[in-house]
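> quick one: sequence and predicted model below, then my questions.
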Amino acid sequence: MLDFLGNLERTHLCGELRAANAGQPVVVMGWVNRRRDHGNLIFLDLRDRTGIAQIVLDKELTPDGHLKGEQVRPEYVVAAVGTVSLRDKDAINPKMPTGEIEIEATQLLVLNDSRLAPFSPSEEAIQNEETRLKYRYVDLRRPEMQRNFRLRHDVTLAIRESLSKQGFLEIETPILTKSTPEGARDFLVPSRVHPGEFYALPQSPQIFKQILMISGFDRYFQIARCFRDEDQRADRQLEFTQVDLEMSFPHREHVFAVVEQFLAAAFRAAKMNLPTPFPRITYDESMRQYGSDKPDLRLPGLTDVRSAFSDEALAALQIDPALPVVALRIPSVGELSRKEREENHPLFDKKKGAKFIDDFKRLARSFPDAAAKVRELAGAAEADFVVIVAGIGREQWVLEKFDDPSAHYLKASETKYSGRLSEREVNVYAAAGSFRSELAKKYADRHGAFASTEYAVKEAAAPPPKGGEKHRVSAEGAFCPIWITDFPMFEYHVESGKWMPAHHPFTAPYEADMANLISDPASVRANCYDLAMNGLELGSGSIRIHRKDVQQQIFQSLGISDEEARARFGFFLDALEYGTPPHGGIALGLDRIVMLLAGAPNMREVVAFPKTAKAIDLMADAPTTVTEQQLRELHIRVALKS
């Protein structure tokens, strides 16, 4: 039954044909999306990556083709030879771009058959994601997935072209490299040639792109594959793709301008206009206003409501008066029952040294003036759900966070100099911000704050009007980018009682804070910056350390000895001695950018062959064991825990 392709060549793609093609002879090839048998007429919806065209097999016109049409089934691969004709007026399908035409086939070749697929690519929604990932080659045929990867291609191409026009050279860096601390666990690759030694897959091209600046390339970029052995989330994969760039002699404003230009180009490729420049906010202000260093500006921010409470009220509520008291507001949620509120309680992070009050009726009975003032300060309408988040006292915090009551405890004012947030203040704001984000996700259908984004994505993906040119959709209000600056250089680790680096060790501190590196690490700001959009961190970057003496001071402040620094970064420290220019850069997650533009719920929708939340490739059945022979060649013995 199966035919060979022979010398037959495709003349058109299925989704390209329109009324203007009427009368033309064509050859189209693809997969059978649907088959309808009307006796003497058989209709095949033929699908390729551009769309669907209807094939008509008339028993009188092509008896051989009609006979084959009786036997083909969905997902068979066929080629149709015929002529484009206009459909009758009552047969036009306005929902299909090719709905005005059909192809009257004179010949049908069945190039391959197909087993019954576990699901049909014509299905709009497939509930079982594991089935989709196991049969990913079928899943990727779905129009939605085809659109996602066309979008990914267009966005990547636009970014490449923008950076090239801005004077950047695309240069590849090694995949097999040296293990260096980057914030997550490395993937290690054993060396067959050097027994007992290992390469590491790069978590980022960080050191190499800095060396490219030392090498005089001035402006580098790369669409870089990166690997991090870390727990999976909706916006995280073990292997991912970064838009990675570095510049010589920059100030951070230069980096911002480059990124804003290529992101605007990426949005144009997705048929949207993204206004520039992006707003900026310091880390401390971002925490105060949103409780997050990746704020979602589509939602109402936090409100300082400390003034609504007397000292006596705070004492009665067991709230620490030295810590923030803030209100978060989720619009239009309405009054929640006790059961509904209790179901929300696990969403609150109690380990942050904070508490929340979500029963406003009860609060109003005991403190009516305070409850009314909170709603006034927060600008809350009657239907808005308001939650108060505040810091708690030492005894309560220790009991909730530690088994050991003598555990180290931070006073509210202990960890940063005047004018900056203390670690405990940050924790309270972070607890409020996290709760705000989780509640907003849960009640998205009620508050509607995300509807503008969904609308923009849908409008941008819609085909252009018949006979007209499509206008770009405004992304303003739907996609809300913001630069976060002035991060702390160090974070206090309560369990160990030590200051720990908040960033990779090549991040430069502000020049004005250099004198405090050892004596007062809490006061040191990092010359780094993040770009956030709609509650996601899109990218992170910094001005780098370009002097060896400063780099050694940073290592010293992090507790890295000269011997350890030499063992880990010797080649990089050597390179710093050979005329290193000031330099800086950033890396943005390409997968996350495309995920946002596609309106996808997670990164797996825009990564061709992703891993599951359990870090498994269901299609390729990876990871798997290997043979003893392979292990011997690599000088490895596996010891499994009992």
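The structure has been received and is ready for your questions.
> pull up the pairing partners for the helix or strand harbouring A327, direction included.
Element membership for A327, per DSSP states H and E: strand 325-330. Strand 325-330 has the following sheet partners, assigned by DSSP bridges: strand 303-304 (antiparallel), strand 385-391 (antiparallel).
> after it, heading C-terminal, what element do we hit next?
Following strand 325-330 in sequence, per DSSP H and E, is helix 338-344.
> which other helices and strands does the helix or strand just after that following helix contact?
Per DSSP H and E, the first helix or strand lying C-terminal to helix 338-344 is strand 354-357. On a contact count with 3 or more CB pairs under 8 Å, 6 or more residues apart in numbering; DSSP states H and E, strand 354-357 meets strand 385-391, helix 423-442. Placement of C-beta: from N, CA and C, glycine included.
> give me the contacts around strand 354-357.
317-319, 323, 348, 363, 387-392, 396, 427-428, 431-432, 435 (CB atoms under 8 Å, 6 or more residues apart in numbering).
> and E491, that's in a strand?
Yes - the assignment for E491 is a strand, going by DSSP: H, G, I helix; E, B strand; the rest coil.
> now for it: which residues touch it?
With CB under 8 Å, 6+ apart, E491 has these contacts: 423, 499-502.
> now L299
330, 436-437, 440, 447, 449.
> picking up where we left off before, among the contacts of strand 354-357, which ones are buried?
317, 319, 323, 348, 363, 387-392, 427-428, 431-432, 435 (16 or more other CB atoms under 10 Å).
> so which of those residues comes closest to L576?
Using CB to CB, N427 comes nearest to L576 of the buried ones among the contacts of strand 354-357, at 36.3 Å.
> so that closest one sits against P324, correct?
No - the pair N427 and P324 does not pass the contact test of CB atoms under 8 Å, sitting 9.6 Å apart.
> which neighbours do the two have in common?
Common contacts of N427 and P324 (CB under 8 Å, 6+ apart): G391.
> now do the helices in the stretch 101-250 of the chain.
Ranges of helices in the stretch 101-250 of the chain, per DSSP state H, counting those that start in this stretch, are 129-134, 136-139, 143-165, 206-214.
> quick check: which ranges of the stretch 401-550 of the chain have low pLDDT?
Residues of the stretch 401-550 of the chain meeting the criterion pLDDT under 70: 401-419, 467-468, 494-497.
> repeat that for 90
401-424, 462-472, 488-506, 511-524, 548-550 (pLDDT under 90).
> can you give me the helices for it?
Here the stretch 401-550 of the chain has its helices, by DSSP H, counting those that start in this stretch, at 423-442, 444-447, 451-461, 548-557.
> quick check: which of the ones you listed is buried the most?
Highest mean neighbour count of these: helix 423-442, a mean of 22 (counted as mean count of other CB atoms under 10 Å).
> between it and strand 325-330, how many degrees?
With axes from the mean of the first three to the mean of the last three CA atoms, to 10 degrees defining the directions, helix 423-442 sits at 10 degrees from strand 325-330.
> quick one: contacts for the spatially closest residue to V333 that is not a sequence neighbour?
In space, and not counting its chain neighbours, V333 is closest to F385: 3.7 Å by CB to CB, 6 or more residues apart in numbering. Counting by CB under 8 Å, 6+ apart, F385 touches 329-330, 333-336, 358, 439, 443.
> nearest to A613 among those residues?
L439 (22.8 Å).
> from G589, how far out is that closest one?
Distance, L439 to G589, using CB to CB, to the nearest Å: 25 Å.
> for Q203, same thing?
Taking CB to CB, one finds Q203 at 13 Å from G589.
> returning to what we had before: including distance to R472, could the helices of the stretch 401-550 of the chain go into JSON lines?
Shown next, in JSON lines, are the helices of the stretch 401-550 of the chain (distance: least, CB to CB, whole Å):
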{"stretch": "helix 423-442", "distance to R472": "28"}
{"stretch": "helix 444-447", "distance to R472": "26"}
{"stretch": "helix 451-461", "distance to R472": "8"}
{"stretch": "helix 548-557", "distance to R472": "45"}
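> compare those and report which one is nearest to S474.
S474 lies closest, by CB to CB, to one member of the helices of the stretch 401-550 of the chain: helix 451-461, at 7.4 Å.
> could you point out the longest strand in this structure?
Longest strand of the chain, by residue count under DSSP state E: strand 25-38.
> and that one, how far out from the chain middle?
Distance of strand 25-38 from its chain centroid, counting by CA atoms, centre = their mean, to the nearest Å, is 37 Å.
> for the record, mean pLDDT for that strand?
For strand 25-38, mean pLDDT is 97.
> buried residues, that strand. List them.
Across strand 25-38, burial judged by 16+ other CB under 10 Å covers 26-33, 35.
> swap in stretch 464-477?
Quick answer for stretch 464-477 (16+ other CB under 10 Å): 473-475.
> including distance to L2, could those residues go into CSV?
Supplementary listing: the buried residues of stretch 464-477 in CSV, determined by distance: CB to CB, whole Å:
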residue, distance to L2
V473, 45
S474, 51
A475, 49
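> ok, so of those, who is nearest K178?
Closest to K178, out of all of these and judged by CB to CB, is A475, at 40.7 Å.
> between the helices and strands packed on strand 354-357, which one is closest to E459.
Closest approach to E459 among the helices and strands packed on strand 354-357 (CB to CB): helix 423-442, 22.8 Å.
> helix or strand for Q629, just tell me which one.
In this assignment (DSSP H and E), Q629 forms part of helix 628-633.
> how about I92, what does it touch?
I92 makes contact with 99-100 under the criterion CB under 8 Å, 6+ apart.
> ditto for S542
503, 506-508, 526-529, 584-586.
> what do you get for L157?
A269.
> then the one 10 residues further on?
Taking CB under 8 Å, 6+ apart, we find G167 in contact with 218-219.
> mind redoing it with 10 Å?
The neighbours of G167, taking CB atoms under 10 Å, 6 or more residues apart in numbering as the test, are 218-219, 247, 258.
> strands along the stretch 1-150 of the chain, start to end?
Here the stretch 1-150 of the chain has its strands, by DSSP state E, counting those that start in this stretch, at 25-38, 41-48, 51-58, 77-86, 101-112.
> so which of these gets nearest P488?
Using CB to CB, the strands of the stretch 1-150 of the chain put strand 51-58 closest to P488, at 52.0 Å.
> give the partner strands of that closest one in its sheet and their orientations.
strand 41-48 (antiparallel), strand 101-112 (parallel).
> quick one: these as TSV, columns for mean neighbour count too.
Output for the strands paired with strand 51-58, formatted as TSV (neighbours: other CB atoms under 10 Å):
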stretch	mean neighbour count
strand 41-48	21
strand 101-112	19
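> from F435, how far off is the residue lying closest to L336 once chain neighbours are set aside?
Ranked by CB to CB, 6+ apart and with sequence neighbours excluded, the top spatial neighbour of L336 is F385, at 6.5 Å. To F435, F385 is 11 Å away according to CB to CB.
> so where do the strands sit in the stretch 201-350 of the chain?
Counting by DSSP E, counting those that start in this stretch, the strands of the stretch 201-350 of the chain are 219-227, 239-248, 272-273, 280-282, 303-304, 325-330.
> name the stretch among those strands that sits most buried.
Note that of the strands of the stretch 201-350 of the chain, strand 325-330 is the most buried (mean count of other CB under 10 Å), with a mean of 25.
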